[in-house]
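[1] Got a sequence here, can you model it:
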Amino acid sequence: MTSTFDPDALECLAAIVEEGGFERAAQRLAVTQSAVSQRLRALEAQVGTVLVVRSRPLRPTLAGQLLIKHAKMMRLLRADLEHDLRELDPTLAQRSRDEGRVSIAINADSIATWALEALTPLVREGVLLEIIHDDQDFTHEWLREGQVMGCVTSLAQPLRGCRLEPLGRMPYVAVASPSFARQVLGGQLTPHNFHRVPFVAFNRKDDLQRDFVCQAFGLAQVRLQQCFVPSSEGQVRAAQAGWGVTVVPRPLAAAGLANGTLVDVAPHARYTVALHWHCWNLASDALTRISTALRTAAHTHLEPLA
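    Residues are numbered from 1 along each chain as shown. Take a look at the predicted model:
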């Protein structure tokens, strides 16, 4: 098996998996669906194994994951080259399709509060970003599988082949609408009423609401009534509408607390989540710039880890 792979075929494989199918991959790459199939077959013949499981949804095999990771490394090299060319002469770098895109995973609460502000200057400079969102306890799985080049996560141990950088602590607060707090809670959450009220969580993987209650009341395990809104901003709006209690980043709730549409229903509780940045251990200008931007913003917006 030769070690040289056709860049177009590698990008085709990545597009099939990222877009979830051959038709959408063809649309993204501006080629026919037949051309996508031919490139994949040629790559599979070269490697000598199946690279994509034709399931619903499509998923890469282990060999496919390795080649997709290689394709993403090539994207980093292209992003670095284009940045250097723009500095030399802005007319030299011509970006096409999605080939220069850098994929990173960031937890939804960071997206809603500080991370987009941190990355905006890079986007304005021409860095193409794909941000995948998930719970902070699960973003590292995207990195482990090679689907992203970096992630913001609560995981404190470095992954193999990656470097780790502590960012800081995100403070959280339990909030509800004033009427809900008054009529349903009698003013505040207590060890005697939390199990009777609904909590608005991000999704079924979100343990934040339970962890907050456990810490606030010194309990080992709790059962909560939960509904789900897969958006940090949506959780705040649901609480303002009287859906129940939600635990969200304090900066995200600050405006509602200030204008009276939200109240802190556990004012004596202090709960924070430590966040870390993991990225591939590569000499890449694009990754270095992303790391620097996130580190700088985290220093401003998050509490120190110590």
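
[2] And the residue nearest to the spatial centre of the chain, how far from residue 142?
    By Cα atoms, centre = their mean, the chain has its centre lying nearest to residue 106, at 2.5 Å. Note on residue 106: its distance to residue 142, by Cβ to Cβ, to the nearest Å, is 10 Å. The way it works is simple: take the backbone N, C-alpha and C, and place the C-beta from them, glycine included.

[3] what's the overlap in contacts for the two?
    Common contacts of residue 106 and residue 142 (Cβ atoms under 8 Å, 6 or more residues apart in numbering): 132, 151.

[4] Is it correct that residue 164 is in contact with residue 276?
    Yes - using Cβ atoms under 8 Å, residue 164 is in contact with residue 276, at 5.8 Å.

[5] Residue 287: how many residues sit nearby?
    Residue 287: 21 surrounding residues under other Cβ atoms under 10 Å.

[6] Which strand residues bridge the nearest residue to it once chain neighbours are set aside?
    Spatial nearest neighbour of residue 287, excluding adjacent residues (Cβ to Cβ, 6 or more residues apart in numbering): residue 279 at 5.2 Å. Following DSSP bridges, residue 279 is listed with bridge partners residue 150, residue 163.

[7] Now do the contacts for residue 279.
    The neighbours of residue 279, taking Cβ under 8 Å, 6+ apart as the test, are 104, 143, 149-151, 162-163, 287, 290-291.

[8] In ChimeraX, how would I select the buried members of those?
    Buried residues within these, by 16 or more other Cβ atoms under 10 Å, are selected in ChimeraX with:
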select :104,143,149,150,151,162,287,290,291
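
[9] Throw the contacts of residue 279 into TSV and include distance to residue 13 and pLDDT, thanks.
    TSV is the format used below for the contacts of residue 279 (distance: Cβ to Cβ, whole Å; pLDDT from 0 to 100):
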residue	distance to residue 13	pLDDT
104	20	92
143	19	82
149	17	85
150	21	90
151	22	92
162	22	86
163	26	89
287	22	87
290	24	93
291	27	94
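
[10] Kindly indicate which of the contacts of residue 279 lies nearest residue 202.
    Using Cβ to Cβ, residue 151 comes nearest to residue 202 of the contacts of residue 279, at 16.6 Å.

[11] Extract the CA atoms of the helix or strand where residue 105 lies and return them as PDB.
    With secondary structure defined by DSSP states H and E, residue 105 is part of strand 102-107. Presented in PDB, the C-alpha positions along strand 102-107 are these (Å, rounded to 0.1, in the frame of the first residue of the first chain):
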ATOM      1  CA  VAL A 102     -10.800  24.000  10.800                       C
ATOM      2  CA  SER A 103     -13.200  22.000  12.900                       C
ATOM      3  CA  ILE A 104     -13.300  22.400  16.700                       C
ATOM      4  CA  ALA A 105     -15.800  21.300  19.400                       C
ATOM      5  CA  ILE A 106     -16.900  23.700  22.000                       C
ATOM      6  CA  ASN A 107     -19.500  23.200  24.800                       C
END
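
[12] can you list contacts of that strand?
    72, 75-76, 79, 115, 127-136, 139-140, 142-143, 147-154, 275, 279, 286-287, 290.
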